[in-house]
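A.B. asks: I would like the atomic coordinates for the input below:
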Amino acid sequence: MKRKSFSEALCPIARGLDRVGEWWSILILRDAFYGITRFDEFQQSLDIAPNMLTRRLRMLVDAGLLERRRYNERPPRYEYVLTERGRDFRPVLVALMAWGNRHFADEGIAMYLEDTRSGAPVDPVLVDRVSGEPIGPHHVMQAGPAANERIRARVARLREPRNDTGGDSHAPAVQASRGGRR
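C.D. replies: Residues are numbered from 1 along each chain as shown. The predicted model follows:
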């Protein structure tokens, strides 16, 4: 068993990358968000070797990002469905897409985020859920017990009942439009 370094043991970035830190896994998750669930669909979309796809799917299932479900008894066939943990990876994909479009789209943008209601392209930003303020240079990452206490208190405030008229406080529903693969 590989021994984790101190930073890997404590750092949520290192722990997250340990689960999805290579590009095939991230592309499999991307395709799962498009609704792809079956082995042959992933293989066709990604043009990936079957043995490599098998390993990556197993790793994503073991990490709790995908769930393997049988959809056919004879012959036995399985599909791979996003779990809650996997669905929570969506903002990471959106951020990677936006960053890649901004800095590495020399041949043109191959995919972008689109508002399903208006059809307009969306320029995603990371915002603080409590204040609605975009995350910027004045926000810094903290570590340690004091940071944990501050986060617990903030999460508790988020869970408190709100006295508003209801409605969805989340960002508008969006869907990725795909102009090309990979």
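A.B. asks: just checking, R56 touches W24?
C.D. replies: Yes: counting by C-beta atoms under 8 Å, W24 is a contact partner of R56 at 5.0 Å. Every C-beta, even on glycine, is put in place using the N, C-alpha and C of the backbone.
A.B. asks: Name the residue in the two with the higher neighbour count.
C.D. replies: More neighbours surround R56 than the other of R56 and W24, with 22 against 19 (other C-beta atoms under 10 Å).
A.B. asks: Pull out the buried positions in the strand or helix carrying the more buried one.
C.D. replies: Assigned by DSSP states H and E, R56 belongs to helix 50-62. Neighbour-count burial for helix 50-62, counted by 16 or more other C-beta atoms under 10 Å, picks out L53, R56, L57, M59, L60, V61.
A.B. asks: Average pLDDT for that helix, rounded please.
C.D. replies: The pLDDT scores in helix 50-62 average 96.
A.B. asks: Would you mind writing the CA trace of that helix as PDB?
C.D. replies: C-alpha atoms of helix 50-62 as PDB (Å, rounded to 0.1, in the frame of the first residue of the first chain):
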ATOM      1  CA  PRO A  50     -11.200  -1.500 -23.700                       C
ATOM      2  CA  ASN A  51      -8.700  -2.500 -21.000                       C
ATOM      3  CA  MET A  52      -8.000   1.100 -20.200                       C
ATOM      4  CA  LEU A  53     -11.700   2.000 -20.000                       C
ATOM      5  CA  THR A  54     -12.400  -1.000 -17.800                       C
ATOM      6  CA  ARG A  55      -9.700   0.200 -15.300                       C
ATOM      7  CA  ARG A  56     -10.900   3.800 -15.300                       C
ATOM      8  CA  LEU A  57     -14.500   2.800 -14.800                       C
ATOM      9  CA  ARG A  58     -13.600   0.500 -12.000                       C
ATOM     10  CA  MET A  59     -11.600   3.300 -10.400                       C
ATOM     11  CA  LEU A  60     -14.500   5.700 -10.600                       C
ATOM     12  CA  VAL A  61     -16.900   3.100  -9.200                       C
ATOM     13  CA  ASP A  62     -14.400   2.400  -6.300                       C
END
